[in-house]
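Peer 1: I would like to see how this sequence folds:
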Amino acid sequence: MQRLIHLLLFSMLSCLLFGQPSAHASSIEISYARIESSDDSYRLAASFNFELTHELENVITSGIPLYFVTEVEITRPRWYWFDEKTITNEQTVRISYNVVTRQYRASVNGNFAQNYKDLDEALSLVRHPSRWMVAEKTSLSRGATYNIAVRSRLDTNQLPKPFQFNALNNSDWRLSSDWKRMTFKADEK
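Peer 2: As a prediction, the model looks like this:
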């Protein structure tokens, strides 16, 4: 009898642990990312694919803004020491919802702000960031090869404190891409 109870408990525990499908947070996929040269600077051209979870959509329509950060790290490889971290740059897009006007408002680094009728239009600033300057031409050595790393993520540190605590415990709040790594050769001119 005791063996039967142990077997039943073991099978129930196994069903609980392994039987339920796990709910994964949606992640951000990088469609493409590259550094382009302009007259006086280097700019990031990138595209990200992602969908917000229903919980995040509910939070934003409740009036809580979401912050998305796109990060770029430029390092120069060295054979004799650690890689030289030349430049670290980021762009933050804040998306909020105004309940009175029923419009979404998106701002880039707190400067540029625009109203949108639906959430997908506002998220286009995150999904397809404008070719923003990540480095001046004078900050990179001419003809040198650099390693570039790019990622995008939901910045949970800028949420109100109760939501930060919820973000730690809930996988729906972990919206992030992996680092996309590539090499880039600075202009010789």
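Peer 1: Distance check, E90 against G143.
Peer 2: 27 Å (CB to CB, to the nearest Å). Any C-beta I mention is one placed from the backbone N, CA and C, and that applies to glycine too.
Peer 1: who's more crowded, these two?
Peer 2: More crowded of E90 and G143, by other CB atoms under 10 Å: E90, with 15 against 10.
Peer 1: which residue is nearest the middle of this protein?
Peer 2: If you average the C-alpha coordinates of the chain and look for the closest C-alpha using CA atoms, centre = their mean, you land on R153, 1.8 Å from that point.
Peer 1: Quick one: the strands in the chain, in order.
Peer 2: Ranges of strands in the chain, per DSSP state E, are 29-37, 41-49, 66-76, 84-98, 103-108, 112-116, 132-136, 145-154, 180-185.
Peer 1: Would you mind putting those into TSV with distance to N58 and mean pLDDT alongside?
Peer 2: Compiled in TSV, the strands of the chain are given as follows (distance: least, CB to CB, whole Å; pLDDT from 0 to 100):
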stretch	distance to N58	mean pLDDT
strand 29-37	23	94
strand 41-49	22	96
strand 66-76	11	95
strand 84-98	11	92
strand 103-108	14	95
strand 112-116	18	91
strand 132-136	30	93
strand 145-154	15	95
strand 180-185	30	94
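Peer 1: how about JSON lines for those, with distance to Q164 added?
Peer 2: Output for these, formatted as JSON lines (distance: least, CB to CB, whole Å):
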{"stretch": "strand 29-37", "distance to Q164": "25"}
{"stretch": "strand 41-49", "distance to Q164": "23"}
{"stretch": "strand 66-76", "distance to Q164": "12"}
{"stretch": "strand 84-98", "distance to Q164": "16"}
{"stretch": "strand 103-108", "distance to Q164": "21"}
{"stretch": "strand 112-116", "distance to Q164": "24"}
{"stretch": "strand 132-136", "distance to Q164": "27"}
{"stretch": "strand 145-154", "distance to Q164": "12"}
{"stretch": "strand 180-185", "distance to Q164": "27"}
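Peer 1: Perfect, that will be all.
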